[in-house]
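In: show me the folded form of this:
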Amino acid sequence: MYELLFWRYLDEIYLNNQEVYEALVEKQEVEGLAALQIEVIVNRINSVFSEWERVDEDSWKNPKGKGAFQVITTTQSIKIDCYGTEGKTMNKLVDIMEEFKCPLYDPQVPERYDEMNE
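Out: Numbers count the residues shown, from 1 in each chain. Take a look at the predicted model:
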């Protein structure tokens, strides 16, 4: 499994990304993060991946090849667990989240890919 995690800071706020990640994985609310439009974001993911089989409310799998992913949400975050998913598919998920101004935090590295990291 490869984890992708997304959130958005409120203006003028920037916290320790690893601590934010750990709190969000535990489904804790983090002061300084924006509330996300979860339903809109999930609908956008579903639209972009309309060719994929929607296994359940939170999971998609590629009917024409390898790869599957599950979307886990809090009011402040979107976590996507990727299973055998190709890099281009993960990049597509990252692009969707950037539409909502939520840059990727990659806990495997660990690094957040935002303007503070350029």
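In: which helix of this protein spans the most residues?
Out: With secondary structure taken from DSSP state H, the chain has its longest helix at helix 87-99.
In: average pLDDT for that helix?
Out: For helix 87-99, mean pLDDT rounds to 97.
In: tell me which other helices or strands it touches.
Out: If you count contacts as 3 or more Cβ pairs under 8 Å, 6 or more residues apart in numbering; DSSP states H and E, helix 87-99 packs onto strand 2-6, helix 38-48, strand 78-83. (Each C-beta comes from the backbone N, C-alpha and C, glycine too.)
In: so can I have TSV of these showing mean neighbour count and distance to Phe100?
Out: Output for those, formatted as TSV (neighbours: other Cβ atoms under 10 Å; distance: least, Cβ to Cβ, whole Å):
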stretch	mean neighbour count	distance to Phe100
strand 2-6	20	8
helix 38-48	14	6
strand 78-83	19	8
